[in-house]
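Visitor: What follows is a protein structure lacking sequence information:
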């Protein structure tokens, strides 16, 4: 799901972590996954703390994506049950839930 996400979108990564990813040739989250833990640990200046930092950044995006997906599915289910007069309110609720999910993700 996040494999095409550029590494620059991984918020709050240190200069060291970004350097490790660039030296490993990683441009996207998918590249990081293909490189693997051992591939990253073989890069200069990459120890367990840097590896954990990278993994936490990816995990934060995954959790945000899951929250957004859950909000979208919930609103779709409610739309099926609701009358036409409630659809606009449900769409507004969906937008608010998605905003909250992204705000929660950016605070990690």
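Guide: In hand now; what should we look at? Fair warning: this is a prediction, and the values are worked out from it, not measured in the lab.
Visitor: from here on, contacts and neighbour counts on C-alpha atoms
Guide: Noted.
Visitor: mind listing what residue 39 touches?
Guide: Shown in contact with residue 39 (C-alpha atoms under 8 Å, 6 or more residues apart in numbering): residue 24.
Visitor: Mind telling me what element it is part of?
Guide: In this structure, residue 39 sits in helix 29-41 according to DSSP states H and E.
Visitor: Buried residues in that helix, which are they?
Guide: Residues 29-32, 35, 40-41 are the ones in helix 29-41 that count as buried (16 or more other C-alpha atoms under 10 Å).
Visitor: pLDDT and distance to residue 23 for the residues you listed - can I get that in CSV?
Guide: Below are the buried residues of helix 29-41 laid out as CSV (pLDDT from 0 to 100; distance: C-alpha to C-alpha, whole Å):
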residue, pLDDT, distance to residue 23
29, 94, 14
30, 95, 15
31, 96, 12
32, 96, 11
35, 96, 11
40, 96, 9
41, 96, 11
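Visitor: other SSEs contacting the worst-scoring helix or strand of the chain on mean pLDDT?
Guide: Lowest on mean pLDDT, DSSP states H and E among the helices and strands of the chain sits helix 87-106, with a mean of 73. Packing partners of helix 87-106 (3 or more C-alpha pairs under 8 Å, 6 or more residues apart in numbering; DSSP states H and E): helix 48-81.
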